[in-house]
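Engineer: One predicted model, sequence on top.
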Amino acid sequence: MRLTLRFLVPLVVILGLFAYAVVPVVDRLMVQWFVKDLDLRAKLIGNTVDDSLFEVIDNDRTKTKKKVQQFFDRMMQDERLFALGFCNVDGKLTYQTDKFPETVICPPMPATDESLEPLSDVVELPKGPVHVAYHMVQGSGRVLGDMILVHDMSFVLNRSEETKRTIMAFIAAVGAVIAFITVVIAQLSWRGWVQGMRGLLHKGPRGSSSAPPELQPVVRDLRNLLRDLETDRRLRDDIQTAWTPRTLKELLQKELAGDEVIVVSNREPYIHIKRDGKVTVKTPASGLVTALEPVMRACSGTWVAHGSGDADRDVVDSADHVDVPPGHPQYRLRRVWLTKEEEDGYYYGFANEGLWPLCHIAHVRPTFRSADWEQYKRVNEKFADAVVQEAKTEDPVILVQDYLLALVPRLLRERLPKASVITFWHIPWPNPEAFGICPWTEEILHGLLGSSIMGFHTRSHCNNFIDTLERFLECRIDREHWNVSYGGGITGVQRYPISIEYPGRLLRQAKPIAEARKIVRARYNLPPDRMLGVGVDRFDYTKGILEKFRAVERLLEMHPEWIGKFTLLQIAAPTRSKIEQYQRFREEAAVLANRINRRYGRNGYEPIILYTEHAEQQEVVDLYRAADLCFVGSLHDGMNLVAKEFVAARDDEQGVLVLSQFTGAARELPEALIVNPYYTDQCANALHAALSMPATEQRDRMRNMRGILHDFNVYRWAGRMLLDAARMRQRARVVHNVSRTLFSPLPKST
Ligand code: G6P
């Protein structure tokens, strides 16, 4: 339609202009032709009646007037003639018919030369133009005068109008024919092309294409291209929206009709603990919490999580609710209590000794115990029960978080069939061989496929998940639309790279850069000019902390000029300390840091500061702002939000990010110095490059990365998932309505 209009409008304009220019020219030519015709006609009539008129006027002078009148009356039977007159040689009008116009006068003197064309003129009368021709009347060598023939020209005007109309109609007809032919050809070729493309891209059974084998590679490329275009379109649509807490709120109201949002995760956003006999609040070191907390502030729903603080029970109401954030409540936290056995089996055991090492390639063997699995199942049911209790409607939007709650989606699907269950897997998903190590692979997949949407950080995690499903479960996989049909339900598998609040709330309260540099250096007994690298991680073996220390050692070996001038401050928040692997790792890290400090330390200088306490968020922001570089060395990480937090904290556009290639963040922040943490020399060189990087280059890199965070913040992450959930809900409603209409029993005739 648009194509057709795009063609038709210019065509109409061109033809209109053409008509406007051509019609007056044709009109003028027509009048000239008719005047010439009348000249000839007048001459012919004059020549025919010449002799007779001469006789009438010359022979019988007594009755001349009457006879001339009769003669003229006979001539006037020619309907084209309007009037006739006769002028004598003195130039006096002696005879004339009735309607002879007053404005027509005799010529100054009669024409004497026969060969001359009769004189003629077009005279405008009130009723229209007339053609006036003068014909010399002569005989026997004498000239009597001039006959004046006045022709009516109204027929010329009529014909001219008719001609104009004909020309216009002709142009319009030609235009219509051109337009019709062109549109038909365009439509046919477009349809043909589209059908051709469809045919080419159409997948037959088992994903085969109907295209001939020699075209298969082209088809594959085209299909990939179309998919990329679709992804691009989605991204463009998303980018056009500036994602803020407000956008998210509006989206909930508009697209999800204010439906209630429930988040369920193991880790809670606020932990109440007793310190020196007083209850204080701690925010945990968890990427999941960092990302979801601002989303919940915007959505004002309910967050269901494990109450893990020793003062958590003291602050909840009778339904285990506490409004958070403390001091400025914006949403409700529902705490779930776990027994020691449950926590040991579910959290420390199955989740963190089994699934965590299973999903991260960090060369730590997973341990699976049947007793842990039993606790894992029990606790997942506990969480699902709590969600069902919290749901006020039959179709809430439920955001299930992470590997700790893999069975919850199915449990919710069974109890709240109309709910939209969006599950986000915050850690990597390994290949099918690796995941298949888990003795309860099928049960976990069955549990996850209770979700409406399964989200991962990267496309490769989505691919691994789909491959695992294909290997272990009887389900139908639509790789084109990233859908899995299983047990009568459909699960969309999508990539939603997680992010942080940007611009961040904490940045508003942050210290100015110069002050932060001073305070942080003073706090860790560093001189004001010490170049500072920071690492902020949980004390987890996946974070590459040992590799970072080795890189610092190698830097000082390769570039001794940095000895005494550079320190890496590694914040390592204690985590999962009950697990033996973690205890061993902590010892190993401390031993390594000591060895390196002994090797290069002198006069109070230590290249590595290992700080094994939890740091509160505002403190961490100051650290980022005080640093010259931030080192993220994860051996395997779903996203890693520390990298993004560092960039967000640097509104001065200074500082360098050294980032492991094995994080999801490395795909989004290519301006970081991307390193392989296992390749110590490369990391050492990257540290040297970061420490020597000119301020202008730091600015360019930082500016680009901040631009990415601006466009891809956490509101957008949540927004995209909610939008997709809203679309799925709408589709489900349409399908439901249609099937109700089609299959409802006909009313009985009475
Ligand atoms: C990772 C996991 C989260 C978890 C966080 C902190 O980011 O994906 O689910 O909350 O680590 O671990 P923790 O065991 O302290 O909750």
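Structural biologist: Structure received.

Engineer: Show me the strands in the stretch 1-150 of the chain, by range?
Structural biologist: Ranges of strands in the stretch 1-150 of the chain, per DSSP state E, counting those that start in this stretch, are 81-88, 93-96, 119-125, 128-139, 142-152.

Engineer: can you redo the ones you listed as TSV with mean pLDDT?
Structural biologist: Listed next are those as TSV, based on pLDDT from 0 to 100:
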stretch	mean pLDDT
strand 81-88	88
strand 93-96	88
strand 119-125	84
strand 128-139	86
strand 142-152	87
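
Engineer: Which residues does stretch 250-258 contact?
Structural biologist: Stretch 250-258 is contacted from outside by Asp259, Val261, Cys299, Val397, Gly719, Leu722, Leu723, Ala725, Ala726, Arg729, using CB atoms under 8 Å, 6 or more residues apart in numbering. For every residue, glycine as well, the C-beta is placed using N, CA and C.

Engineer: Quick one: name the residues of the stretch 551-700 of the chain near the ligand.
Structural biologist: Thr575, Arg576 (CB under 6 Å from any ligand atom).

Engineer: In the stretch 551-700 of the chain, which residue sits closest to the ligand?
Structural biologist: Thr575 (4.9 Å; CB to the nearest ligand atom).

Engineer: could the contacts of stretch 250-258 go into CSV alongside secondary structure?
Structural biologist: Putting those into CSV (DSSP: H, G, I helix; E, B strand; the rest coil) gives the following:
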residue, secondary structure
Asp259, coil
Val261, strand
Cys299, helix
Val397, strand
Gly719, helix
Leu722, helix
Leu723, helix
Ala725, helix
Ala726, helix
Arg729, helix
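
Engineer: is it true that Gly633 touches Gly535?
Structural biologist: Yes. Using CB atoms under 8 Å, Gly633 makes contact with Gly535 at a distance of 7.1 Å.

Engineer: joint contacts of the two?
Structural biologist: Contact criterion CB under 8 Å, 6+ apart; residues shared by Gly633 and Gly535: Ile545, Lys548.

Engineer: what's the angle from the longest helix along the chain to strand 142-152?
Structural biologist: Selection of the longest helix in the chain by residue count, based on DSSP state H, yields helix 2-59. Counting by axes from the mean of the first three to the mean of the last three CA atoms, to 10 degrees, helix 2-59 lies at 150 degrees to strand 142-152.

Engineer: what helices or strands is helix 2-59 leaning on?
Structural biologist: Here helix 2-59 touches helix 64-75, strand 81-88, strand 119-125, strand 128-139, strand 142-152, helix 154-201, going by 3 or more CB pairs under 8 Å, 6 or more residues apart in numbering; DSSP states H and E.

Engineer: now with 6 Å?
Structural biologist: Contacts defined by 3 or more CB pairs under 6 Å, 6 or more residues apart in numbering; DSSP states H and E place helix 2-59 against helix 64-75, strand 128-139, strand 142-152, helix 154-201.

Engineer: How is this protein divided into domains?
Structural biologist: 39-156, 261-495, 511-711 (automatic domain parsing).

Engineer: check whether the longest one contacts the ligand.
Structural biologist: So that's domain 261-495. Yes. Using CB under 6 Å from any ligand atom, domain 261-495 reaches the ligand at Arg267, Pro284, Ser286, Gly287, Leu288, Asp402, His426, Ile427.

Engineer: so the fourth one touches Ala643, yeah?
Structural biologist: If I follow you right, that is Gly287. No. With contact defined as CB atoms under 6 Å, Gly287 does not count as touching Ala643 (10.4 Å).

Engineer: Of these two, which one has the most company?
Structural biologist: Shown here are Gly287 and Ala643; by other CB atoms under 10 Å, Ala643 has more neighbours (28 against 21).

Engineer: helix/strand/coil for that one?
Structural biologist: Criterion first, three-state DSSP; result for Ala643: helix.

Engineer: Verify the contact between it and Ala665 for me.
Structural biologist: Yes. Ala643 is in contact with Ala665 according to CB under 6 Å; the separation is 4.2 Å.

Engineer: where exactly do the strands run in the stretch 651-750 of the chain?
Structural biologist: 656-660, 673-675.

Engineer: Let me know which of these is tucked in deepest.
Structural biologist: Comparing the strands of the stretch 651-750 of the chain by mean neighbour count (mean count of other CB atoms under 10 Å), strand 656-660 comes out on top with a mean of 27.

Engineer: Give me the mean pLDDT for stretch 362-370.
Structural biologist: Per-residue pLDDT over stretch 362-370 has a mean of 97.

Engineer: Could you list the low-confidence segments of the protein?
Structural biologist: 1-8, 60-62, 108-118, 186-240, 258, 736, 739-750 (pLDDT under 70).

Engineer: Contacts for stretch 270-279, please.
Structural biologist: Thr280, Val281, Lys282, Gly309, Asp310, Ala311, Asp312, Val315, Val324 (CB atoms under 6 Å, 6 or more residues apart in numbering).

Engineer: Can you list the buried residues in that stretch?
Structural biologist: By neighbour count on 16 or more other CB atoms under 10 Å, the buried set for stretch 270-279 is Tyr270, Ile271, His272.

Engineer: For stretch 454-463, list the C-alpha coordinates in CSV.
Structural biologist: Output in CSV follows, covering the C-alpha atoms of stretch 454-463 (Å, rounded to 0.1, in the frame of the first residue of the first chain):
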residue,chain,number,x,y,z
MET,A,454,13.6,-18.6,30.8
GLY,A,455,16.2,-15.8,30.8
PHE,A,456,20.0,-15.9,30.5
HIS,A,457,22.7,-13.3,30.2
THR,A,458,24.2,-14.4,26.9
ARG,A,459,23.1,-16.2,23.7
SER,A,460,25.6,-19.0,24.3
HIS,A,461,24.0,-19.8,27.7
CYS,A,462,20.6,-19.9,25.8
ASN,A,463,22.1,-22.3,23.2
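
Engineer: Any idea how far it is from the middle of the chain?
Structural biologist: Taking CA atoms, centre = their mean, to the nearest Å, one finds the center of stretch 454-463 at 20 Å from the center of the full chain.

Engineer: in that stretch, what counts as buried?
Structural biologist: Met454, Gly455, Phe456, His457, Thr458, His461, Cys462, Asn463.

Engineer: With stretch 711-731 instead?
Structural biologist: For stretch 711-731, a neighbour-count test (16+ other CB under 10 Å) marks 711-726, 728-729 as buried.

Engineer: thinking again about what came up before, out of the buried residues of stretch 454-463, flag the one nearest to Met702.
Structural biologist: His457 (22.6 Å; CB to CB).

Engineer: nearest spatial neighbour of the closest one, skipping sequence neighbours?
Structural biologist: Nearest residue to His457 in three dimensions, chain neighbours excluded: Gly664, at 4.0 Å (CB to CB, 6 or more residues apart in numbering).

Engineer: same deal with Asp312?
Structural biologist: Per CB to CB, 6+ apart, closest to Asp312 is His272, 5.0 Å.

Engineer: List the beta-bridge partners for that neighbour.
Structural biologist: Beta-bridge partners recorded for His272 (DSSP bridges): Val281.

Engineer: how close does it get to Val316?
Structural biologist: According to CB to CB, to the nearest Å, His272 and Val316 sit 9 Å apart.

Engineer: Also Asp540?
Structural biologist: In terms of CB to CB, Asp540 sits 29 Å off from Val316.

Engineer: Among the two, which residue is more densely surrounded?
Structural biologist: Ranked by neighbour count (other CB under 10 Å), Asp540 and Val316 place Asp540 first, with 24 against 16.

Engineer: Point me to the residue of the stretch 301-450 of the chain nearest the ligand.
Structural biologist: Closest point on the stretch 301-450 of the chain to the ligand, by CB to the nearest ligand atom, is His426, at 3.6 Å.

Engineer: Many thanks, have a good one.
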